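> Have a look at this prediction, sequence included:
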Amino acid sequence: MKNSLKYIAGVLIAGLAMTACSPEEFTGASEAGIPKLADYKPVVSVDQETNIATFSITTNDGEAAKGVYPIWTINADKTIKTTVNGYRTAVITLAGDYTYSLKVGNKNGISDASTEGLFTINTTRYDFSDAVSKLTNKDTKEWRVYSAKTGHLGCGPSPTDPAGWWAAGEEEKAREGMYDDRISFTTGEKLSEGTYKYSAGEDELTFCNAGVTTLGVTGAEGDYSTPCVGVNGALSEVTYNLGYNAELDCVTITLPAKTLFPYIANDAQMNGEITYLVTELTSKTMTLVIDLPGISWQIILVNGDDEAVEEGFDPEKVNWCTVDAPENLGAGFNTKGEMTFWFADSGWAQIGDPDFSYADGVYTITTKDATSDPWQGQCTIKEVPLNIEGGEYYDIACKVVANVSVDRFTVKVNKDPDVDGDPNALFAKTNVVLKKGENILRFAKVTGMNGNDPVSFDQAKLIFDLGGTPADVTIQISDIIIQKHNPK
């Protein structure tokens, strides 16, 4: 959870504790002084259908506690501190035993003693199977810092803007001991945990922020690289634990205190367990965010070779029109409001259509069944006027919001109606990778072709293919633009 929430919780405790000293607030407090913890008992209940726990105090006779307030410390998905009697947690994602402690306060002060207790969550309410498959390939997968990617290291004001202040350019830290480092994740007996390993690479150096002092270097004037494996108990092999951050809707990876990582941004990474937010995860790349007080750090990782660099015109060098501008030749795709579907099983026998709805320019599709191969999940907007001139160039864009990452997605613009085989295409891209959340897809300077010949047409269909995705994948498509090529 965000550090800002921890701060708010701290302010809440302080504020409530101070107001607790008011006689008007706690008129029933004992004149004898500080309350005795032995006079009260915690009542903790868990709704096992929702994984929400409720914390209350009563007298030993089960009566309402008057003139006092509880001070709870609850160790669940995160550590919660609150003075609310009847406090209800958010959903606690993972099954397991969790601890809490209780003190009692009144207008005279806070009990010296505390009582500890245990409560149990029976059922994990998050399915980590997709994340584990991408993280470990269901065995072991090795990752490295994606040095060729702008923003592979960055910092910003929050987990939702973790590179807003600074983002490293391609190979910017090549002189530091980071790019040859490797980390690996191996599946364990439990889906939510496994083995994490760190290697400092051939140079045996780890890259650290200037303020890091827990790894044997003090007084550094700037960032530095130094041997860290084994220094002050630094660990290279540990057990990782997966979690879920409901606020950011992302999986998390928690590593124990003193666990090394390709970039040590702060001593907090070594002094206690550290939780990395997995804000993007595909089978090829992973973006981790470290949320620290006042700053968040982003690290982008890749496994295997770098992603292929696409040939063609850079979409960032295009003047894009707005969705409702006259220059948007494909505006009719945003208002058609209808789709046709062709979904098939692994034997290519047609199966039922996905769930579909349309509202306010947004097409929403949810797959009902898993498919195994490309073109087994075709979703088509048909019979839309579109004037394409042979030999001319065009730019294409759309927004796709996905509820999970999708490893293979197709976008195709075709003449409609067409002959068998759909040779008359303006554009086809068959290996688009969607991250979870919003994706702005842009393809610049494309031209209509039928084989080796330029093609013209005045009516088109726009095809999106979800073949090869599991069930319950939801995508929302909107903001479709097809314009004459307009370079900056």
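Yep, it's here.
> So which residue is dead centre in the chain?
Thr279 (2.7 Å; CA atoms, centre = their mean).
> ok, it - contacts?
Applying CB atoms under 8 Å, 6 or more residues apart in numbering to Thr279 gives the contacts Pro159, Pro162, Leu248, Cys250, Thr287, Leu288, Val289, Gln298. Placement of C-beta: from N, CA and C, glycine included.
> tally of neighbours for the fourth one?
Spelled out, that is Cys250. Residue neighbour count, defined by other CB atoms under 10 Å, stands at 20 for Cys250.
> so where's this structure uncertain?
1-32, 308-311, 419-422 (pLDDT under 70).
> 50 instead?
The chain contains residues with pLDDT under 50 at 1-31.
> Do a quick rundown of the helices in it.
Shown for the chain, the helices assigned by DSSP state H span residues 3-19, 129-136, 268-271, 332-335.
> picking that back up, out of the contacts of Thr279, who's nearest Glu116?
Ranked by distance to Glu116 (CB to CB), the contacts of Thr279 are led by Leu248 at 30.5 Å.
> got the contact list for the closest one?
Contact partners of Leu248, counting by CB under 8 Å, 6+ apart, are Pro159, Thr160, Leu277, Thr279.
> right, and out of the contacts of Thr279, which lies closest to Asp418?
Nearest to Asp418 among the contacts of Thr279, counting by CB to CB, is Thr287 at 39.2 Å.
> Just to check, the closest one is in contact with Ile300?
Yes: Thr287 is within contact range of Ile300, at 5.1 Å (criterion: CB atoms under 8 Å).
> and the closest residue in space to Ala65 that isn't next to it in sequence, what is it in contact with?
Once flanking residues are discounted, Ala65 sits nearest to Ile57: 4.8 Å by CB to CB, 6 or more residues apart in numbering. Counting by CB under 8 Å, 6+ apart, Ile57 makes contact with Tyr40, Lys41, Pro42, Val43, Ala65, Val68, Pro70, Asn85, Leu102, Val104.
> Now restrict those to buried residues only.
Applying 16 or more other CB atoms under 10 Å to the contacts of Ile57, the neighbour count classes Tyr40, Lys41, Pro42, Ala65, Val68, Pro70, Asn85, Leu102, Val104 as buried.
> So which of these sit within strands?
Tyr40, Lys41, Pro42, Pro70, Leu102, Val104 (DSSP state E).
> Between those, which sits nearest Arg125?
Pro42 (24.0 Å).
> separation between that closest one and Glu142?
Note on Pro42: its distance to Glu142, by CB to CB, to the nearest Å, is 46 Å.
> ok, back up a step: could you report the distance from the residue nearest to the centre of the chain to Thr252?
In terms of CB to CB, Thr279 sits 10 Å off from Thr252.
> Then Leu235?
Leu235 sits 19 Å away from Thr252, taking CB to CB as the criterion.
> Compare the two (neighbour count), which wins?
Thr252 (21 against 17).
> ok, what's across the strand from the more buried one?
Taking DSSP bridges as the rule, Thr252 bridges to Gly243, Leu277.
> contacting residues for it?
By CB under 8 Å, 6+ apart, the contact list for Thr252 reads Leu242, Gly243, Tyr244, Asn245, Thr275, Tyr276, Leu277, Val278.
> what do you get if the cut-off is 6 Å, keeping everything else the same?
If you count contacts by CB atoms under 6 Å, 6 or more residues apart in numbering, Thr252 has them with Gly243, Asn245, Thr275, Leu277.
> can you pick the most crowded of these?
Within the contacts of Thr252, neighbour counts (other CB under 10 Å) peak at Leu277, which reaches 25 neighbours.
> Would you pull up how far stretch 435-445 lies from the middle of the chain?
Offset of stretch 435-445 from its chain centre (CA atoms, centre = their mean, to the nearest Å): 17 Å.
> and what of stretch 469-486?
20 Å.
> Please apply the same query to stretch 354-367.
On the basis of CA atoms, centre = their mean, stretch 354-367 sits 23 Å off its chain's mean C-alpha point.
> Only alpha carbons, please: show that stretch as CSV.
C-alpha atoms of stretch 354-367 as CSV (Å, rounded to 0.1, in the frame of the first residue of the first chain):
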residue,chain,number,x,y,z
PRO,A,354,-18.0,-13.7,-26.6
ASP,A,355,-20.0,-11.4,-24.4
PHE,A,356,-20.3,-8.0,-26.2
SER,A,357,-21.7,-4.6,-25.5
TYR,A,358,-21.3,-1.1,-27.0
ALA,A,359,-21.8,2.3,-25.3
ASP,A,360,-20.5,5.8,-25.9
GLY,A,361,-18.0,4.8,-28.6
VAL,A,362,-16.6,1.9,-26.6
TYR,A,363,-16.7,-1.7,-27.7
THR,A,364,-16.5,-4.2,-24.8
ILE,A,365,-15.7,-7.9,-25.5
THR,A,366,-15.2,-10.6,-22.9
THR,A,367,-14.1,-14.1,-23.9
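> Same question for it: list its buried residues.
By 16+ other CB under 10 Å, the buried positions in stretch 354-367 come out as Pro354, Tyr358, Gly361, Tyr363, Thr364, Ile365, Thr367.
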